[in-house]
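Asks: predicted model and sequence follow; I will ask about them next.
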Amino acid sequence: MSAREGSSRRRFLHTLAIAGVAASVTPVEALAQARRSAKKKVSKPAPTTPAETPPSEEAKALAALLARRYPHLDAAKLAGITRELDQRLDGGKKLREVKLPNGAEPDTTFHA
């Protein structure tokens with residue numbers, strides 16, 4: 001194996017890793033943008049809507065990592081990404097709080 005083959009493999013793996021991270025960031029941006037456009041369509045919020053809470057420290061830390069990795073993201077995009085990450089982290093916490101009995105069957109079973 002020549003040095004050139006090794007470096008091309010290394011470059012391929014590096015590109016593959018970047019593509020995986022980019023693929024996970026793009027949907028987050030798209031979801032944040034879709035939520036912003038959906039909020040714009042609503043003329044006025046419901047009177048019982050609580051004030052928006054600031055994002056958690058976990059979400060801020062993840063957004064800081066993304067800001068370092070993708071310096072082209074502006075402050076507005078990073079704020080949207082941070083809010084989306086916070087919502088996803090909250091959703092994960094809520095899922096972990098659900099306690100299932102030991103013998104719980106899935107809603108749908110598949111047979112081949």
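Replies: Cool, got the structure. Residues are numbered from 1 along each chain as shown.
Asks: any low-confidence regions in this protein?
Replies: The model of the chain has pLDDT under 70 over residues 1-7, 21-31, 34, 37-51.
Asks: ranges for the helices of it?
Replies: 3-41, 57-69, 75-97 (DSSP state H).
Asks: how about those in JSON lines, adding mean neighbour count and distance to residue 107?
Replies: All C-beta spots, glycine's among them, are computed from the backbone N, C-alpha and C. Shown next, in JSON lines, are the helices of the chain (neighbours: other Cβ atoms under 10 Å; distance: least, Cβ to Cβ, whole Å):
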{"stretch": "helix 3-41", "mean neighbour count": "11", "distance to residue 107": "25"}
{"stretch": "helix 57-69", "mean neighbour count": "15", "distance to residue 107": "30"}
{"stretch": "helix 75-97", "mean neighbour count": "15", "distance to residue 107": "15"}
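Asks: among these, which is nearest residue 109?
Replies: helix 75-97 (21.1 Å; Cβ to Cβ).
Asks: just put the helices of the chain in JSON lines and tack on distance to residue 104.
Replies: Output for those, formatted as JSON lines (distance: least, Cβ to Cβ, whole Å):
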{"stretch": "helix 3-41", "distance to residue 104": "30"}
{"stretch": "helix 57-69", "distance to residue 104": "29"}
{"stretch": "helix 75-97", "distance to residue 104": "14"}
